[in-house]
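1. What follows is a predicted structure for the sequence shown.
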Amino acid sequence: MTTMPPADDAPPPEGQQPGGGQPYGAPDAPPPGYGQPAYGAPEGQPAGPPPGYGQQPPGYGQQPAYGAPPATAYADWGKRVYSALIDSVGPFIVAGIFYSISRPLGAIVWLAALAWSLYNAYQAGETGQSYGKKIAGTRLLSEQTGAPIGGGLGIGRYFVHIVDSIPCYLGYLWPIWDGKRQTFADKLIKTVVVPV
């Protein structure tokens, strides 16, 4: 009587993997040449990447460090006026011109000017730069932390500028002689505008 070889679908002996490999749970043998010196490497040196390979350079991937701006690093009044003309004053002048031509069209342009101004106020708070501040080369930051103040506070600051206009627009002129070049709104919100 002859013995038949086991069928392919027969289960493997206990503790062995199908195909005759290592028992379950046993560590696999390292591939040939594992742990040998790299080709051309001197004897006694381990194989693998050179020291420091794959390490990130210092500061890579870290958030920028903010701090209060130095006392001399404040944007001059001319740059502040330039950015304000782009961000809000200019669009409302255009809206006034359209309003003098046609009230319904002027009202639509006035709403667009308001939306543009609020968008820029939000961007100035969120990123430190509105469209006008990017062109003028300035940035809005917290006086205490040196970081952007956030979009909501940026919009709040936009409305607090009403305080700058109450005493004959004196608050808008205040940065000319102020040590930190702040408007009244900047002093209330505790912000500074610095050159980029």
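-> Looks like it came in fine. As the structure is a computational prediction, the values presented were derived from the model and not from experiment.
2. which residues touch the helix or strand encompassing residue 97?
-> Secondary structure from DSSP states H and E places residue 97 in helix 90-101. With contacts defined as Cβ atoms under 8 Å, 6 or more residues apart in numbering, helix 90-101 is touched by 105, 106, 107, 108, 109, 110, 112, 113, 116, 117. Placement of C-beta: from N, CA and C, glycine included.
3. could those go into CSV alongside secondary structure?
-> Shown next, in CSV, are the contacts of helix 90-101 (DSSP: H, G, I helix; E, B strand; the rest coil):
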residue, secondary structure
105, helix
106, helix
107, helix
108, helix
109, helix
110, helix
112, helix
113, helix
116, helix
117, helix
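4. Narrow those to just the buried residues.
-> Those of those that meet the buried threshold are 106, 109, 110, 113, 116, 117, by 16 or more other Cβ atoms under 10 Å.
5. Let me see the contact set for the closest residue to residue 192 other than its chain neighbours.
-> Residue nearest to residue 192 in three dimensions, not counting chain neighbours: residue 143, with 5.0 Å by Cβ to Cβ, 6 or more residues apart in numbering. By Cβ under 8 Å, 6+ apart, residue 143 lies in contact with 68, 180, 182, 186, 190, 191, 192.
6. Residue 82 now?
-> Residue 82 neighbours (Cβ under 8 Å, 6+ apart): 132, 135, 136.
7. Which members of those residues are positioned in helices?
-> Among the contacts of residue 82, DSSP state H puts 132, 135, 136 in helices.
8. among the residues you listed, who's most crowded?
-> Counting neighbours by other Cβ atoms under 10 Å, residue 136 comes out on top of the ones in helices among the contacts of residue 82 with 25 neighbours.
9. and the closest residue to it other than its chain neighbours, what element?
-> Leaving out its chain neighbours, the residue that sits closest to residue 136 by Cβ to Cβ, 6+ apart is residue 83, at 3.9 Å. Assessed by DSSP H and E, residue 83 sits inside helix 77-84.
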